[in-house]
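*Asks:* need a structure here:
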Amino acid sequence: MSPDDIIPGLREVVIDVLAAVQWPVLVYFVLINTSYLIFIGLAAWDFVHHLRRVEQTGRQERVASEFVPPVTLVVPMYNEAAGIVQSIQSLLSLRYPHHDVVGVDDGSSDDTFAVLKEAFDLVEVDREIPADLPVKAEVLSVHVPRNGRTPLTIIRKTNSGRSDAVNLGINAAGGELLVFVDADSILDPDALMTVTVPFADDPTRMVATGGVIRAANGSRVVAGRLVEPRMPRQLLPRIQVVEYLRAFLIGRAGWSRLGALVLISGAFGVFRRDILVEVGGLDTDSIGEDFEVLMRVHQHLKREGRDYRVKFVGEPVCWTEVPSTAKVLQKQRARWHRGLWETLWKYKHMMFNPRYGKVGMLAVPYYWFFELIAPLLEFVGLLLVVLGLVLDVINVPFAILFMLVAYGYAILVTLAAMTLEEMTFRKYARWRDLGTMLLAAIAENIGYRQLTAWWRLQGWWASLRGQKQVWGTMTRVGLGGEEGKT
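*Replies:* Numbers count the residues shown, from 1 in each chain. The predicted structure is shown next:
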């Protein structure tokens, strides 16, 4: 069959499909971008209230208070030698009256433990770890600093995955509150004080809080602290700065204001230890364990009819190293979307179920329709527009309208998010960085969004095919280190 025979048939198929889906897809993108604007409005309301409260209550009183709940920071580690010392130093130096750090080395094959042993003069101790949660791995050894004063415990175990490492850390933790922090992350000095305020204000009902995640690539780090936020030099991390700002600072603040927050990032989340033990800790078989555990908490507490709260706090920042190569970014986004799909499918019974309140009636349907399906419709919509133009079966005004709604509107949403950040927390002080963010917001929609949509679909498809779950690896440069080697 010659191309001359194929093209007329293809043209007819494209015409029929376009006639059926072009307006629904257009309306879909109007709805999803409008929802982002609504979340920005909710976030603005929340941020203004938060900043006014900080001005009235202050923070120094909390530093001196002996009544704040003790906190244990749990840090799962796997091949983190490049930046682990700076990260642990940062966590130990946080301003908070009662906190300690439990690092769990998940069978690293690099020098992670060696650099920690040298930096903190670690010695092995004979300590039995409680078994509140089941753990698959074998504990090899437990170490503490020789001086007996530094509140740090390092546990070495056989490799069994991040979730199992966190569960072991939960067992070893002594604090009432647990903070999960990725090993490649640095917290702002006041992060613990701020992110635990909801627990002090409402100790009986608050069960979990989350903070902001931001890209640290290119920023200036001294002695384990990020002292000057800067935009990365490379394009991929620059675009991720904008992505993270919109997703963490705006989207989750909006859901928190609605009282339907279902996702706290595993890179910086706070949970009551007793609640985590109640629900059985992190699911070691889930590739989206941070999403899954909070959904399980919602399910458990709603079924028991308990009054509880989950809150996002927009000010404390966790700075983390983001992928700077397309290969690593591809694996990350495929894994994220696979985790989203598998968790939503596991808890599909919550969808439009009034038993689960706002979570079941608002959040779960939204994540199905506007988070899970978005890359599929974006990819299909763009493909149809391109085919329509090539085959000369689509009118140009409609193609322009689609691009304006899908991408022009998205740029407007991102600019609104950047404006809100600049008016409230303003982490990037240099005008050059603000200009770079503006350019990144535009560049995000030219190639980057289309690639990430395709990668997310790959993760979804891998799950549907039953392909083995693989976390993948990310070679760390180390925060404050030279860029471009991941």
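
*Asks:* which element is I275 on?
*Replies:* Per DSSP states H and E: I275 is located in helix 273-279.

*Asks:* Quick one: mean pLDDT over that helix.
*Replies:* Regarding helix 273-279, the rounded mean pLDDT is 97.

*Asks:* Show me what counts as buried in it.
*Replies:* 273, 275-276, 279 (16 or more other Cβ atoms under 10 Å). (Glycine included, C-beta is placed from N, CA and C.)

*Asks:* and of the residues you listed, the nearest to L26?
*Replies:* Closest to L26 out of these is V279 (41.5 Å), distances taken as Cβ to Cβ.

*Asks:* where does this protein dip in pLDDT?
*Replies:* Scanning the chain with the threshold set as pLDDT under 70 gives 1-5, 49-67, 249, 316, 425-426, 429, 470-486.

*Asks:* So which residue is smack in the middle of it?
*Replies:* For the chain, S265 is the residue whose C-alpha lies nearest the centre (Cα atoms, centre = their mean; 3.8 Å).

*Asks:* Thought D105 was touching T153, still the case?
*Replies:* No. Using Cβ atoms under 8 Å, T153 and D105 do not qualify as a contacting pair, with a distance of 11.2 Å.

*Asks:* and the buried residues of helix 273-279 as a markdown table, adding distance to A416?
*Replies:* Converted to a markdown table, the buried residues of helix 273-279 look like this (distance: Cβ to Cβ, whole Å):
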| residue | distance to A416 |
| --- | --- |
| R273 | 38 |
| I275 | 35 |
| L276 | 36 |
| V279 | 37 |
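
*Asks:* Quick check: the farthest pair among the residues you listed?
*Replies:* Spatial extent of those (Cβ to Cβ) is set by the pair R273 and V279 at 11.4 Å.

*Asks:* Other residues contacting the helix holding I275?
*Replies:* The contact list for helix 273-279 (Cβ atoms under 8 Å, 6 or more residues apart in numbering) reads 72, 132-133, 170, 173, 175-178, 207-208, 293, 296-297, 300-301.

*Asks:* switch the cut-off to 10 Å
*Replies:* With contact meaning Cβ atoms under 10 Å, 6 or more residues apart in numbering, helix 273-279 is reached by 69, 71-72, 74, 130, 132-133, 166-167, 170-171, 173-178, 180, 206-208, 271-272, 282, 293-294, 296-301, 304, 306, 308.

*Asks:* For the stretch 301-450 of the chain, which segments count as strands?
*Replies:* Ranges of strands in the stretch 301-450 of the chain, per DSSP state E, counting those that start in this stretch, are 309-320.

*Asks:* ranges for the helices of it?
*Replies:* 326-346, 357-358, 364-366, 374-390, 396-403, 409-424, 431-443, 449-464 (DSSP state H, counting those that start in this stretch).

*Asks:* Need these in TSV (columns: distance to R220).
*Replies:* Shown next, in TSV, are the helices of the stretch 301-450 of the chain (distance: least, Cβ to Cβ, whole Å):
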stretch	distance to R220
helix 326-346	23
helix 357-358	41
helix 364-366	38
helix 374-390	35
helix 396-403	38
helix 409-424	20
helix 431-443	12
helix 449-464	28
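
*Asks:* how about JSON lines for these, with distance to V25 and mean neighbour count added?
*Replies:* Output for the helices of the stretch 301-450 of the chain, formatted as JSON lines (distance: least, Cβ to Cβ, whole Å; neighbours: other Cβ atoms under 10 Å):
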{"stretch": "helix 326-346", "distance to V25": "19", "mean neighbour count": "20"}
{"stretch": "helix 357-358", "distance to V25": "28", "mean neighbour count": "16"}
{"stretch": "helix 364-366", "distance to V25": "18", "mean neighbour count": "18"}
{"stretch": "helix 374-390", "distance to V25": "4", "mean neighbour count": "17"}
{"stretch": "helix 396-403", "distance to V25": "8", "mean neighbour count": "14"}
{"stretch": "helix 409-424", "distance to V25": "13", "mean neighbour count": "18"}
{"stretch": "helix 431-443", "distance to V25": "23", "mean neighbour count": "16"}
{"stretch": "helix 449-464", "distance to V25": "13", "mean neighbour count": "19"}
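
*Asks:* To D121, which of the ones you listed lies closest?
*Replies:* D121 sits nearest to helix 326-346 of all those, at 33.7 Å, using Cβ to Cβ.

*Asks:* Can I get the closest one in CSV, CA atoms only?
*Replies:* Only the C-alpha atoms of helix 326-346 are listed here, as CSV (Å, rounded to 0.1, in the frame of the first residue of the first chain):
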residue,chain,number,x,y,z
ALA,A,326,17.5,14.2,31.2
LYS,A,327,18.2,10.5,31.9
VAL,A,328,17.9,10.9,35.7
LEU,A,329,14.9,13.2,35.3
GLN,A,330,13.1,10.7,33.1
LYS,A,331,13.4,8.0,35.7
GLN,A,332,12.3,10.3,38.5
ARG,A,333,9.1,11.5,36.6
ALA,A,334,8.2,8.0,35.4
ARG,A,335,8.6,6.7,39.0
TRP,A,336,6.5,9.6,40.4
HIS,A,337,3.6,9.0,38.0
ARG,A,338,3.7,5.3,38.5
GLY,A,339,3.5,5.8,42.3
LEU,A,340,0.5,8.2,41.7
TRP,A,341,-1.3,5.7,39.6
GLU,A,342,-0.7,2.7,41.9
THR,A,343,-1.8,4.7,45.0
LEU,A,344,-4.9,6.1,43.4
TRP,A,345,-5.9,2.6,42.2
LYS,A,346,-5.3,1.1,45.7
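
*Asks:* other SSEs contacting the helix or strand encompassing P24?
*Replies:* Here P24, judged by DSSP H and E, is contained in helix 3-57. Helix 3-57 is packed against helix 197-201, helix 252-258, strand 309-320, helix 374-390, helix 396-403, helix 409-424, with contacts defined by 3 or more Cβ pairs under 10 Å, 6 or more residues apart in numbering; DSSP states H and E.

*Asks:* Export those as TSV, with columns for distance to M361.
*Replies:* Shown next, in TSV, are the helices and strands packed on helix 3-57 (distance: least, Cβ to Cβ, whole Å):
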stretch	distance to M361
helix 197-201	23
helix 252-258	11
strand 309-320	16
helix 374-390	20
helix 396-403	31
helix 409-424	24
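
*Asks:* Of these, which is nearest V144?
*Replies:* strand 309-320 (25.0 Å).

*Asks:* Now do that closest one against helix 409-424, angle only.
*Replies:* Relative orientation of strand 309-320 versus helix 409-424 (axes from the mean of the first three to the mean of the last three Cα atoms, to 10 degrees): 90 degrees.

*Asks:* Strand 309-320 vs helix 3-57, what angle?
*Replies:* Interaxial angle of strand 309-320 relative to helix 3-57 (the same axes, to 10 degrees): 110 degrees.

*Asks:* List the pairing partners of strand 309-320 within its sheet, with orientation.
*Replies:* strand 185-187 (antiparallel), strand 206-215 (parallel) (DSSP bridges).

*Asks:* Make a markdown table from the ones you listed and add distance to G161 and mean neighbour count to it.
*Replies:* Listed next are the strands paired with strand 309-320 as a markdown table, based on distance: least, Cβ to Cβ, whole Å; neighbours: other Cβ under 10 Å:
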| stretch | distance to G161 | mean neighbour count |
| --- | --- | --- |
| strand 185-187 | 19 | 25 |
| strand 206-215 | 21 | 26 |
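
*Asks:* Ok, which of the ones you listed comes nearest F39?
*Replies:* Closest of these to F39 is strand 206-215, at 14.5 Å (criterion: Cβ to Cβ).

*Asks:* so how far is the closest one from its chain's centroid?
*Replies:* Centroid displacement of strand 206-215 relative to its chain, using Cα atoms, centre = their mean, to the nearest Å, is 9 Å.

*Asks:* after that strand, next one along is what?
*Replies:* Immediately after strand 206-215, counting by DSSP H and E, sits strand 220-222.
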